[in-house]
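Trainee: Build me a structure from this.
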Amino acid sequence: MCGLLGLICATETDAAAARDAVAAALRCQRHRGPDETDTWADAEVVYGFNRLGFIDLEHSHQPLVWGPPEAPTRYTLNFNGEIYNYLELRAELAEKFGTKFNTDGDGESVVAAYHHLGADAVTKLRGMFAFMIWDAQDKVVFGARDPFGIKPLFYSSGPGGLAFSSEKKSLLELSGTLGVSEELDRTALQHYLVLQYVPEPESLHTGIRRVESGTSFRVVPGGQVEFTRYFHPQFTAKPVDGEAEAEALYERIADVMRDSVSKHMISDPDVTVGAFLSGGIDSTAIAALAKERNPSLIAFTTGFEREGYSEVDVAAESAAAIGVKHVVRTVSADEMMEALPLIVWYLDDPVA
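Mentor: The predicted model follows:
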């Protein structure tokens, strides 16, 4: 988990004046990336980034500057997430376009793909991501959010500019710079009370929206942001004809799950990998498949003191059956109430 923050102003003067404000707002999400914190500015754009490194720890610093040999500093990437097929994508770009890479990380594959494929590059990405790319030559920012919205991306626009952030609290910190109201969105509140969550693109503040999942965007300094939906899922119902076809589908589902779990576990060898384990079928299946990939997997379970509300015993049986180290943390009622204000602060908008 990393944290990005980006501000696009109408003029270079406005951007230069706002750099300290971006650095201050970035501190609101320092918990997302304890390894590195930095700001960067060019022309009308200011970036801030908090990095949690787990791939190419020594070289894939952010914001990441990249470009072709004739313009090596053309693009600057602000990227939160992980691209599971980045090795395959790097190989494809190298074969088709002769692309040269300077790091071993996944972020470089994102910006290189954008250089060669334009907006269609997002359809090549398999993973969870939210990113912004500043093209210093064409003076445009392009970005996107992953198809299922795993990685968050909020935005806010006002007289002082347009800002994107992994967490809403950073945009609230920037509200004075942007000239944006912090007024409660009563329609979003109604939706939360009925649905127990705030649907995209709303947030509980009128001046802050969310980039929708499966959507890319484009904006030039001083202009209006343009959104494009690139992900259009289709689910066509089809009856299963006989036991043989059913068995084949079971095997197909198992293969897809195994492949997905394997891809999710790409990281440097010295990075510890863990899994949440409730004892239910979903988390147990994922942990079992993860164990196939990483024999050193650690399973974590949170339990409660109140009888009937804890799954620790069932989770312990599952961990023993899988053969993984099991770490249990029992939370008391007092600890829960003490932590509640901090939980609310981390969530930005309430859920359930």
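Trainee: where do the helices sit along the stretch 101-250 of the chain?
Mentor: Along the stretch 101-250 of the chain, counting by DSSP state H, counting those that start in this stretch, helices occupy 107-117, 168-173, 175-178, 186-195, 242-264.
Trainee: Mind checking what helix or strand follows the last one in sequence?
Mentor: Yep, that's helix 242-264 we're talking about. From helix 242-264 onward toward the C-terminus, using DSSP states H and E, the following helix or strand is strand 274-276.
Trainee: Which residues does the following helix or strand past that following strand contact?
Mentor: Past strand 274-276, further along toward the C-terminus, the next helix or strand under DSSP H and E is helix 281-293. Counting contacts by Cβ atoms under 8 Å, 6 or more residues apart in numbering, the residues outside helix 281-293 that touch it are 257-258, 261-262, 265, 273, 275-277, 297, 299, 318-319, 322-324. C-beta here means a position set from N, CA and C on the backbone, and glycine is covered the same way.
Trainee: Mark which of those residues are buried, thanks.
Mentor: Neighbour-count burial (16 or more other Cβ atoms under 10 Å) is assigned, among the contacts of helix 281-293, to 258, 261, 265, 275, 277, 297, 299, 318-319, 322, 324.
Trainee: Which members of the residues you listed are the farthest-apart pair?
Mentor: Looking at these by Cβ to Cβ, the two members farthest from one another are 258 and 319, with 19.6 Å of separation.
Trainee: So for the buried ones among the contacts of helix 281-293, which is the shakiest by pLDDT?
Mentor: Sorting these by confidence puts residue 265 at the bottom, with a pLDDT of 82.
Trainee: what's the nearest residue to that residue if we skip its chain neighbours?
Mentor: Among residues not flanking residue 265 along the chain, residue 293 sits closest, at 5.0 Å (Cβ to Cβ, 6 or more residues apart in numbering).
Trainee: same question, residue 313
Mentor: Distance criterion Cβ to Cβ, 6+ apart; nearest residue to residue 313, sequence neighbours excluded, is residue 279 at 7.8 Å.
Trainee: ok, now residue 162?
Mentor: In space, and not counting its chain neighbours, residue 162 is closest to residue 8: 4.8 Å by Cβ to Cβ, 6+ apart.
Trainee: where does the protein dip in pLDDT?
Mentor: Counting by pLDDT under 70, the ranges of the chain that qualify are 1, 51-62, 268-269.
Trainee: Please repeat the previous calculation with a cut-off of 80.
Mentor: Across the chain, residues meeting the criterion (pLDDT under 80) sit at 1, 33-36, 51-62, 266-271, 279, 306-309, 352.
Trainee: Got the domain ranges for it?
Mentor: For the chain, the domain assignment from automatic domain parsing gives the residue ranges 3-229, 242-347.
Trainee: Need the winner for burial among these.
Mentor: Sort the domains of the chain by mean neighbour count, taking mean count of other Cβ atoms under 10 Å, and domain 3-229 sits at the top with a mean of 19.
Trainee: Span of that one from start to end?
Mentor: From the first residue to the last, domain 3-229 extends over 23 Å; the measure is Cα to Cα, to the nearest Å.
Trainee: chain center to that domain, what's the gap?
Mentor: Per Cα atoms, centre = their mean, to the nearest Å, the displacement of domain 3-229 from the mean C-alpha position of its chain is 10 Å.
Trainee: ok, now stretch 343-352?
Mentor: Using Cα atoms, centre = their mean, the mean C-alpha position of stretch 343-352 is found 17 Å from that of the whole chain.
Trainee: Stretch 222-233 now?
Mentor: 17 Å.
Trainee: ditto for stretch 236-243
Mentor: 35 Å.
Trainee: quick one: contacts of that stretch?
Mentor: With Cβ under 8 Å, 6+ apart, stretch 236-243 has contacts from 246, 249.
Trainee: can you pull out the strands in the stretch 101-250 of the chain?
Mentor: Along the stretch 101-250 of the chain, the stretches classed as strands by DSSP state E, counting those that start in this stretch are 127-135, 140-145, 154-158, 161-165, 209-210, 215-219, 226-229.
Trainee: Need those in TSV (columns: distance to residue 330).
Mentor: Putting the strands of the stretch 101-250 of the chain into TSV (distance: least, Cβ to Cβ, whole Å) gives the following:
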stretch	distance to residue 330
strand 127-135	30
strand 140-145	36
strand 154-158	34
strand 161-165	35
strand 209-210	35
strand 215-219	41
strand 226-229	44
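Trainee: Go through these and name the closest to residue 63.
Mentor: The minimum distance between residue 63 and the strands of the stretch 101-250 of the chain falls on strand 127-135, with 8.4 Å, by Cβ to Cβ.
Trainee: and the angle from that closest one to strand 154-158?
Mentor: Angle, strand 127-135 to strand 154-158, by axes from the mean of the first three to the mean of the last three Cα atoms, to 10 degrees: 30 degrees.
Trainee: residues making contact with strand 127-135?
Mentor: For strand 127-135, the surrounding residues in contact (Cβ under 8 Å, 6+ apart) are 4, 6, 42, 45, 47, 74-86, 106-107, 110-111, 114, 140-146, 148, 150-153, 164, 166, 211.
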